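Peer 1: attaching a predicted model along with its sequence, questions to come.
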Amino acid sequence: MKHAVGSAPGKIILMGEHSVVYGKPAIAMPFHHVGVKCTVEPHQGDLIIKSYCFDGLVKMMPKTLKGIQKLIEATLDYLDKESKDLKIIIESTIPAQRGLGSSAAVSVAIVRALFNAFEIELDFKTLNELVFVAESIHHKNPSGLDANTILNERFVMFDIEKGISFIDAKLQGFLVIADTGQVGHTKVSVDNVRKQLESNPKETIETIDALGRLTMLAKGCILNDDLECLGKYMHESHYLLKKLGVSDHILDTMVDVSMLHGSLGAKLTGGGNGGSIIALAKTMVDAKNISDALIAQNAAHTWIYHLSEV
């Protein structure tokens, strides 16, 4: 093997959180302002990993990182290599558990680095299947949206049954992404939606269906570079997600602050119950005003992303 590197960007779900698990479409895009770099290098002895949340033997990784442990083992097994004489180094600028694709990006970067280390060609299907090993542990019932967005690094529409289609986006606006500083709880959110579906099926199904319709309408806005229309549907979707019980007071407050400071539409992004929000802006001036207001509202960090970069 040789010293090798693998990398992956973060991701942003624009529309369709949670409803995507129930067969509705979702729209997502890569987030290139943050990402993960994985380095694999020779190391005599047991397989070790060095990362921002664990430093030590892979076989001693805590339960919270069981998905990454299983992914490394599955990848080495696929490559027919022993789990030793390697050191895996993870460097990430994606805040963990904030709905920005941290776990999927780490998984993609690890698989790419290990295949590069042994100079074995990696096809899309194999990469997707291996990444699913970790995602199924991290997210219990993963839709595949995070991994597919990060793997393709394009604007995508994702449907569990139909798979991926690409959106030829021509948006010229700006997206403000704000990390609330609060850890998101994707598994809890997914469980809450499932329980709500069991206890109140009619209303919950109506909400999920409405999220699916908004996602389809948003696709048309993207294709027509209609920011006002996109912002409207983004904002409507936030309140449907709130109805599903996946928002919280901090997310709602930051959405409201964004709207008061010039956003065309704002919503939570990702699993919810903590994590991040996104706010659509027409100009850089508007985006900066929104960003400043969110920082004043105690956002841990904000990024301004020109949508033409996607």
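Peer 2: Great, that's in hand. As the structure is a prediction and not an experimental result, all values here were calculated from the model.
Peer 1: can you point out the buried residues in the worst-scoring helix or strand of the chain on mean pLDDT?
Peer 2: Lowest mean confidence among the helices and strands of the chain (mean pLDDT, DSSP states H and E): helix 124-138, at a mean of 80. Across helix 124-138, burial judged by 16 or more other CB atoms under 10 Å covers 127, 128, 130, 131, 132, 133, 134, 135, 137, 138. The way it works is simple: take the backbone N, C-alpha and C, and place the C-beta from them, glycine included.
Peer 1: of all those residues, which comes closest to residue 100?
Peer 2: Closest approach between these and residue 100, by CB to CB: residue 138, at 13.7 Å.
Peer 1: what pairs with the closest residue to residue 310 other than its chain neighbours across the strands?
Peer 2: Using CB to CB, 6 or more residues apart in numbering and skipping the chain neighbours, the partner closest in space to residue 310 is residue 29 (4.8 Å). According to DSSP bridges, the partner residues bridging residue 29 are residue 12.
Peer 1: run a quick neighbour tally on residue 29.
Peer 2: Residue 29: 25 surrounding residues under other CB atoms under 10 Å.
Peer 1: follow-up on the earlier one: I'd like the buried residues of helix 124-138 as CSV, with distance to residue 106 appended.
Peer 2: Output for those, formatted as CSV (distance: CB to CB, whole Å):
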residue, distance to residue 106
127, 13
128, 15
130, 13
131, 10
132, 14
133, 13
134, 8
135, 10
137, 13
138, 10
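Peer 1: how about the helices in the stretch 101-250 of the chain?
Peer 2: Counting by DSSP state H, counting those that start in this stretch, one finds helices in the stretch 101-250 of the chain at the ranges 102-117, 124-138, 145-152, 186-199, 201-223, 227-243, 249-260.
Peer 1: wait, which of those helices is closest to residue 82?
Peer 2: Taking CB to CB, helix 102-117 is the member of these nearest to residue 82, at 12.5 Å.
Peer 1: so which elements touch that closest one?
Peer 2: strand 4-15, strand 26-46, helix 66-79, strand 84-92, helix 124-138, helix 145-152 (3 or more CB pairs under 8 Å, 6 or more residues apart in numbering; DSSP states H and E).
Peer 1: nearest to residue 281, of these?
Peer 2: Comparing those under CB to CB, the one sitting nearest is strand 4-15, at 14.0 Å.
Peer 1: return the list of helices and strands in contact with the closest one.
Peer 2: Where contact means 3+ CB pairs under 8 Å, 6+ apart, strand 4-15 is packed against strand 26-46, helix 102-117, helix 145-152, helix 201-223, helix 227-243, strand 265-269.
Peer 1: what's the average pLDDT for stretch 210-217?
Peer 2: Throughout stretch 210-217, pLDDT has a mean value of 98.
Peer 1: and it, how far from the chain's centre?
Peer 2: Going by CA atoms, centre = their mean, to the nearest Å, the spacing between the C-alpha centre of stretch 210-217 and its chain's C-alpha centre is 19 Å.
Peer 1: what does that stretch contact?
Peer 2: Residues outside stretch 210-217 that contact it (CB atoms under 8 Å, 6 or more residues apart in numbering) are 15-19, 24-27, 157, 229, 233, 236-237, 240-241.
Peer 1: for residue 113, state which of those residues is nearest.
Peer 2: Proximity of the contacts of stretch 210-217 to residue 113 was ranked by CB to CB; the top entry is residue 26 with 28.0 Å.
Peer 1: roughly how far does that closest one sit from residue 96?
Peer 2: According to CB to CB, to the nearest Å, residue 26 and residue 96 sit 21 Å apart.
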